[in-house]
Structure formats: structure tokens, C-alpha cells
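Student: I'd like to go over a predicted model; first the sequence, then the structure.
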Amino acid sequence: MNGDTLVRCLEVLCGISLLVQVAEYLRIAQSSDPSGIWSWPVQRADIPPQPAWVRRFFDAMFHPTSYRVQLWVRALAALVLLVQGASLGLALVLFVGTLLLLVRWRGAFNGGSDFMTLVTLTGMLIAQVVALWADKGLGWAIGLSYISIHTLSSYFVSGWIKLLQPEWRSGRALTVFLNGGIYGPLSPDSIFRRPWVAMLCSWAFILWEAVFPLTLLNPHSALLFMVIAVVFHFLVFWFFGLNRFFWAWLTNLTAVWFFSGWVSRFWG
């Protein structure tokens, strides 16, 4: 694919990812009201009392009405991104909205997928800002490279951390995680309770993540790693219900493909 097509793929996938996230936030909006289990009056304790205007600002932003307005604005912006593509104003709205949500949920509502979304929107914002003073293509090249480097390093670090853990090398960790999944605990005769199966699956994922930077060799190797990534994240969604992860990571794989083609030019 050429650069313009990959940019458009990223915009469409990011729009879908953001809409999925907004749908989840809206579904639990009542639980984040003052009488809910995730009420802002409780979570605001993490905000330093001084200067006082900071708490007042966030109190206003996270009032139930203004919070819902933010979510609907975010949904509208995601739709515009999906249909028309990115612009500086749109990227800025989505970026600032993401920062506000991170504050609202004390760092992250859904862990890595939220931070990966922030990486995507940061790269998109970088692309739009650079385009103000330079070629639009250069802006997207820098923005997609930023997204790709974060994505590659996330896989790489995750793989090597697992490699250093004996629970992952033996496969025991995989069984523990699957026991806590949507369909857990595993049945006594589950194939994943067989030590050799659990260890084989664990090592397959460990090696794939640990050598993920090999995607930079050429776009063909990148495509192979990306296909495995799609299967991996779909399985994570299937067994653990983490649909945010699927869309957030799928979005950034388009940047990896771009970066692989760009870097491979230097190899010859």
C-alpha cells in the first residue's frame, strides 16, 4: 500500500476504535455519576488541593452533564475522522479529550489500549502540526514513525519481560490467565491444561513479541507479523473480552507497515 492509503486506513480504524471506547463510556455513565461506584467526588482526591482552581476546573469538566457532553463530542469527532480524515482541529480535540479521560479515570480506564490510543492521537497531532510548516507527506511520515516506534517497543518489551518470567516460560502463567478469562475457569479436560500445550503457546507468543522489530527488515516480514498480531489480539478479545485492545492495536499496525517500508529502503 502507498502512504496515503495507509494513512486513510489508520484514520478509519482509529475512528472505529474511538467509537467503541465512547460506547463503553456511555454504557457505564450512570456508574460514574456522584452516586455511582466510580464517582468523581471520590476520585478527585488524587488531584492536589493547591492550586484550588485545578480542582474547580476538573469538577466542572467531570460534572455528569459536562462529562456526557464530552463523550458525545468525542463520538462526533470520531465519526468525522472516520468519514473525512484528520485535521489539526480534529486531532487537537481528540488529543485533549483523551488527556481529560485519563485524568477522569486516574491514569487509564483500560490500561494499555488507552495509552496506545494516546500514542495514535499524538502521532496524528504531530503529523498535522508538521504539515503547517512542511509537506503533508513529511508530517504523516513523522507521525506514523512515532506511532510505529511506540508499537514496536511495546511488543518488544512485553516479549522480553515474559521471557524473564519462569511462569511464562513454563506455560503456567497462560493457564492462570485463561482461568480468569470470560470462559474461565478452564474445564478439567481443557487442552490448555496440558503442560506441553500451554508451554508451546506461551513460547510462540514470547518469541513473536520479542523479535517483533524484525518487521523492519522489509514490508513482507512486517505483513507476516501483522497477520499474527491480528490473530493474537482477536484471541485476547475472544478469551478476555478486551475489544478495546483489538481495535487500538489494529489501528497502529498500519503505522508499523508504513515504517517498515520506509526503514527497509535504507537496507538496500
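Tutor: Here it is on my side, so go on. Numbers count the residues shown, from 1 in each chain.

Student: where does this protein have low pLDDT?
Tutor: 1-2, 266-268 (pLDDT under 70).

Student: at 90 instead, please
Tutor: Residues of the chain meeting the criterion pLDDT under 90: 1-5, 28-52, 54-55, 104-113, 134-137, 174-195, 213-226, 232, 235-245, 257-268.

Student: what ranges do the helices span in the stretch 151-268 of the chain?
Tutor: 166-170, 172-179, 195-210, 219-240, 243-264 (DSSP state H, counting those that start in this stretch).

Student: need the residues that contact the shortest one.
Tutor: Contacting residues not belonging to helix 166-170 are listed as 162-163, 173-174, 176, 195, 198-199, 202-203, 206 [CB atoms under 8 Å, 6 or more residues apart in numbering]. For the C-beta atoms, the positions are set from N, CA and C on the backbone; glycine is no exception.

Student: what about dumping the CA coordinates of that helix to CSV?
Tutor: Taking C-alpha atoms only, helix 166-170 is exported to CSV below (Å, rounded to 0.1, in the frame of the first residue of the first chain):
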residue,chain,number,x,y,z
PRO,A,166,9.7,-18.6,34.7
GLU,A,167,5.9,-18.7,34.9
TRP,A,168,5.6,-17.7,31.3
ARG,A,169,8.4,-19.9,30.1
SER,A,170,6.8,-22.9,31.7
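
Student: sorry, back to before: buried deepest among the helices of the stretch 151-268 of the chain, which one?
Tutor: helix 243-264 (a mean of 23; mean count of other CB atoms under 10 Å).

Student: now it, how far from the chain's geometric center?
Tutor: 10 Å (CA atoms, centre = their mean, to the nearest Å).

Student: tell me the helices and strands packed up against it.
Tutor: helix 3-27, helix 112-133, helix 136-163, helix 219-240 (3 or more CB pairs under 8 Å, 6 or more residues apart in numbering; DSSP states H and E).

Student: please tabulate those in JSON lines, including the columns distance to Gly184.
Tutor: Formatted as JSON lines, these follow (distance: least, CB to CB, whole Å):
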{"stretch": "helix 3-27", "distance to Gly184": "22"}
{"stretch": "helix 112-133", "distance to Gly184": "21"}
{"stretch": "helix 136-163", "distance to Gly184": "20"}
{"stretch": "helix 219-240", "distance to Gly184": "8"}
